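> sequence and predicted structure, then a few things I'm wondering about:
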Amino acid sequence: MVQLDSLQKRIGYQFKQITLLEQALTHRSYASVNNERLEFLGDGVLNFIVAHQLYARFEKLSEGDLSRLRAQLVKEATLFEIAQTLKLGELLNLGEGELKSAGWRRPSILSDALEAIIGATYLDGGFPSAEAVVLKLYADRLDNIDPKSIEKDAKSKLQEYLQSKKIDLADYSVVSIEGEAHAQTFKVSCEIQKLNITTLGEGTSRRNAEQEAAKIAIEKVLK
């Protein structure tokens, strides 16, 4: 409980229902009541709050640029960095398999836990509380983000290229999901029918696999 008190101080929110915070820190490998649904909710809440902040701060940016800025702020790597500053790895409830494989250090697990905490905050204190937590955790990043420094991701680059050539957008499909539930590997295909190009990307999430497939497709398109 002392550790949870410290975490609540770090995020700037005191839970009325501490069980929500405990659930947010519980991985599916540990119990059937875990943080997956809270992570889903938190992902949506986080995306909206960040989108709103960017919309208000950058009045002249296009929808595409705003989307790229948001993607930079809510991507797994950024969430992982924030989770590390909160020392979430020390607080996670993990099953035996995850403990043996050092799951408390895995970016996907830590980033999911952070989103789950945001979802739990929303349920416990409503939108204003969740917004306050996100703004506290993202204060430096939001204040210092530079729109000119954000490079377009592979999917965005591919989409813009295809649109410029009046070619139908690429079609992404999950080819396979391998591995245990707590350590899955996704394989996703990227197909550009008109150019007769199909690539395969691999990653720890569908999003990452899609980006890898798009990156390979760009390389083929620009040869």
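Thanks, I have the structure now. Residues are numbered from 1 along each chain as shown.
> packing partners for the longest helix anywhere in the chain?
Ranked by number of residues, the top helix in the chain under DSSP state H is helix 107-137. Other helices and strands packing on helix 107-137, by 3 or more CB pairs under 8 Å, 6 or more residues apart in numbering; DSSP states H and E, are helix 2-11, helix 18-24, helix 36-57, helix 76-85. The way it works is simple: take the backbone N, C-alpha and C, and place the C-beta from them, glycine included.
> what about S32, which SS state?
Here S32 is recorded as coil under DSSP: H, G, I helix; E, B strand; the rest coil.
> for the protein, what helix or strand is lowest in average pLDDT?
helix 96-100 (a mean of 83; mean pLDDT, DSSP states H and E).
> can you give me the buried ones in stretch 164-175?
Neighbour-count burial for stretch 164-175, counted by 16 or more other CB atoms under 10 Å, picks out 170, 172.
> go ahead and confirm V134 touches I118.
Yes. The pair V134 and I118 qualifies as a contact (CB atoms under 8 Å) at a distance of 6.3 Å.
> got a list of what Q23 touches?
By CB atoms under 8 Å, 6 or more residues apart in numbering, Q23 lies in contact with 33-35, 38, 116, 120.
> what about it, distance to E96?
19 Å (CB to CB, to the nearest Å).
> and A102, how many neighbours?
By other CB atoms under 10 Å, 11 other residues sit near A102.
> ignore the last one, N144
Look at N144: counted by other CB under 10 Å, it has 8 neighbours.
> returning to what we had before: what pLDDT, on average, does the longest helix of the chain get?
Helix 107-137 comes out with an average pLDDT of 96.
> distance of the residue lying closest to N47 once chain neighbours are set aside relative to E36?
Ranked by CB to CB, 6 or more residues apart in numbering and with sequence neighbours excluded, the top spatial neighbour of N47 is V74, at 5.9 Å. Distance check for V74 against E36: by CB to CB, it reads 18 Å.
> which one's more surrounded, the two?
Higher neighbour count among V74 and E36: V74, with 19 against 13, using other CB under 10 Å.
> got the end-to-end distance for stretch 199-215?
9 Å (CA to CA, to the nearest Å).
> and it, what's buried?
Buried residues in stretch 199-215 (16+ other CB under 10 Å): 199, 201, 203-215.
> likewise stretch 109-127?
Buried residues in stretch 109-127, counted by 16+ other CB under 10 Å: 109-125.
> low-confidence ranges, this protein, go.
Across the chain, residues meeting the criterion (pLDDT under 70) sit at 1-2, 151, 181-183.
> quick one, domains of it?
For the chain, automatic domain parsing gives the domain ranges 2-149, 154-221.
> from A116, how far off is E22?
Applying CB to CB, the value for E22 to A116 is 11 Å.
> what is in contact with these two at once?
With CB under 8 Å, 6+ apart as the test, E22 and A116 reach no residue in common.
> and the helix or strand encompassing A209 with helix 107-137, angle?
Following DSSP states H and E, the helix or strand that holds A209 is helix 206-221. On the basis of axes from the mean of the first three to the mean of the last three CA atoms, to 10 degrees, helix 206-221 is oriented at 100 degrees to helix 107-137.
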